[in-house]
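# With the sequence up front, the predicted model follows.
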Amino acid sequence: MPARRRRRRPTKRQQPQLVTVLLGVAALFWLLAALVNWLAAHWWVLLLLIVAAVAAGGGVLCQRQQRVRWADAQRQGLRYALSQLDGLHHRDFEYAVRDLMRRDGCADAQQVGGAGDNGVDVLATDPLGRRWVIQCKHRRSGAAGSAVGTPDLQRLNGTARPLHKADVVVLVTNGRFSSKCPPLARQLSIALVDRQTLGAWAAGSRPLWQVLPKVPPPRRAGPLS
C-alpha cells in the first residue's frame with residue numbers, strides 16, 4: 001500500500017502570518033458583535049439612520065422628477081423666431097425641427113440627417129401614432145436664397161415610405177419652394193412647410209399637424225384626434 005502523506009505543518013515563517021490573520025478575523029467578529037449589541041441597546045439610532053436614508057432617497061427622486069418636469073416645461077415653451085432659424089447652421093436647423101416635434105408631443109423624435117441619411121433628416125411618431133418623415137432644407141439667406149426644387153421632393157418620395165414607413169412626409173424650409181413644387185407635392189402626397197408656415201409653427205404653440213392644411217388620419221384614436 002502506498003505510504004500516507006503527512007500533512008505539512010506551517011513553517012516558522014508562515015506561523016506569524018497565520019496568527020495575524022486569525023487575530024484579524026477574531027477582531028472583526030468582535031467588532032461586529034459589539035456593533036450589534038450597541039444597536040440593540042440603542043435601537044432608536046438605527047431607526048434614525050433608516051429614516052435619514054429614506055429621506056435622502058426621496059429627495060434624490062424628487063429632484064430627478066423636478067428636472068424632468070422642468071425639461072418638459074422648457075420643451076412645451078419652445079419658440080423660434082424666423083431670424084433665429086435663419087442664423088442656424090443647417091445641421092442645427094435639423095435639431096431645431098426635431099425639438100419642435102418633441103415640443104408637440106413626439107417623444108421619440110430624432111435627428112438622423114448626415115452621411116447616408118437617404119434624404120431624411122428627422123424621424124418622429126406623433127401622439128396619434130403617425131410616423132413623420134421630414135427633410136430639412138436650410139437657407140442662410142431665408143426667402144432670398146435659392147428655391148428648393150422638385151429633385152428634393154423626388155428624392156424624399158423615393159425613401160420616406162419604402163424605407164421609413166412614413167404616414168406623413170414633410171419637406172420643410174426656411175426659404176421658398178419653386179413654382180413646380182406645390183403641384184408635384186400634391187401628386188406625391190408630400191406636405192410642404194414653407195417659410196410662412198414654418199414661422200407660424202415655430203413661433204406658436206400649435207403642433208405641426210394642426211398648422212398644416214391636411215394630414216393623413218391618425219393610426220389610433222387619442223386625446224388630440
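Sure thing, it's come through. Numbering: from 1, shown residues only.
# Do a quick rundown of the strands in the protein.
110-111, 122-125, 131-137, 168-173, 190-193 (DSSP state E).
# Take the ones you listed and lay them out in a markdown table including mean neighbour count, mean pLDDT and distance to Pro151.
From N, CA and C alone the C-beta is placed, and that goes for glycine too. Shown next, in a markdown table, are those (neighbours: other Cβ atoms under 10 Å; pLDDT from 0 to 100; distance: least, Cβ to Cβ, whole Å):
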| stretch | mean neighbour count | mean pLDDT | distance to Pro151 |
| --- | --- | --- | --- |
| strand 110-111 | 18 | 96 | 22 |
| strand 122-125 | 22 | 97 | 20 |
| strand 131-137 | 24 | 96 | 11 |
| strand 168-173 | 24 | 97 | 11 |
| strand 190-193 | 22 | 98 | 13 |
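# My guess is Gly199 contacts Leu82. True?
Yes - when contacts are counted by Cβ atoms under 8 Å, Gly199 is listed as touching Leu82 (4.8 Å).
# So which of the strands of the chain is nearest Val19?
Val19 lies closest to strand 110-111 among these, at 64.5 Å (Cβ to Cβ).
# Show me what the closest one packs onto, helices and strands only.
Applying 3 or more Cβ pairs under 8 Å, 6 or more residues apart in numbering; DSSP states H and E, we find strand 110-111 packed against helix 90-103, strand 122-125.
# Check these for me and report the most buried one.
Most buried of these, by mean neighbour count (mean count of other Cβ atoms under 10 Å): strand 122-125, with a mean of 22.
# From the contact counts, what lies against it?
With contacts defined as 3+ Cβ pairs under 8 Å, 6+ apart, strand 122-125 has these neighbours: helix 90-103, strand 110-111, strand 131-137.
# Just put those in a markdown table and tack on distance to Gly204.
What follows is the helices and strands packed on strand 122-125, written out as a markdown table (distance: least, Cβ to Cβ, whole Å):
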| stretch | distance to Gly204 |
| --- | --- |
| helix 90-103 | 10 |
| strand 110-111 | 22 |
| strand 131-137 | 18 |
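# how about the ones you listed, which one is nearest Leu49?
Leu49 lies closest, by Cβ to Cβ, to one member of the helices and strands packed on strand 122-125: helix 90-103, at 42.1 Å.
# ends of stretch 181-194, how far apart?
Start and end residues of stretch 181-194 are separated by 11 Å (Cα to Cα, to the nearest Å).
# same question, stretch 191-208
Stretch 191-208: ends 11 Å apart by Cα to Cα.
# What are the buried residues along that stretch?
Neighbour-count burial for stretch 191-208 flags 191-195, 197-199, 201-202, 207-208 (criterion: 16 or more other Cβ atoms under 10 Å).
# Find the residue closest to the residue nearest to the spatial centre of the chain in space, skipping its chain neighbours.
Nearest to the mean C-alpha position of the chain, by Cα atoms, centre = their mean, lies Asp108 at 6.7 Å. Take Asp108 and drop its neighbours on the chain: the residue closest to it by Cβ to Cβ, 6 or more residues apart in numbering is Thr125, 5.3 Å away.
# now the one you found: how far from Ala109?
Distance, Thr125 to Ala109, by Cβ to Cβ, to the nearest Å: 8 Å.
# Then Ile134?
As judged by Cβ to Cβ, Ile134 and Ala109 stand 9 Å apart.
# overlap in contacts of the two?
In terms of Cβ atoms under 8 Å, 6 or more residues apart in numbering, Ile134 and Ala109 are both contacted by the residues 101, 122-124.
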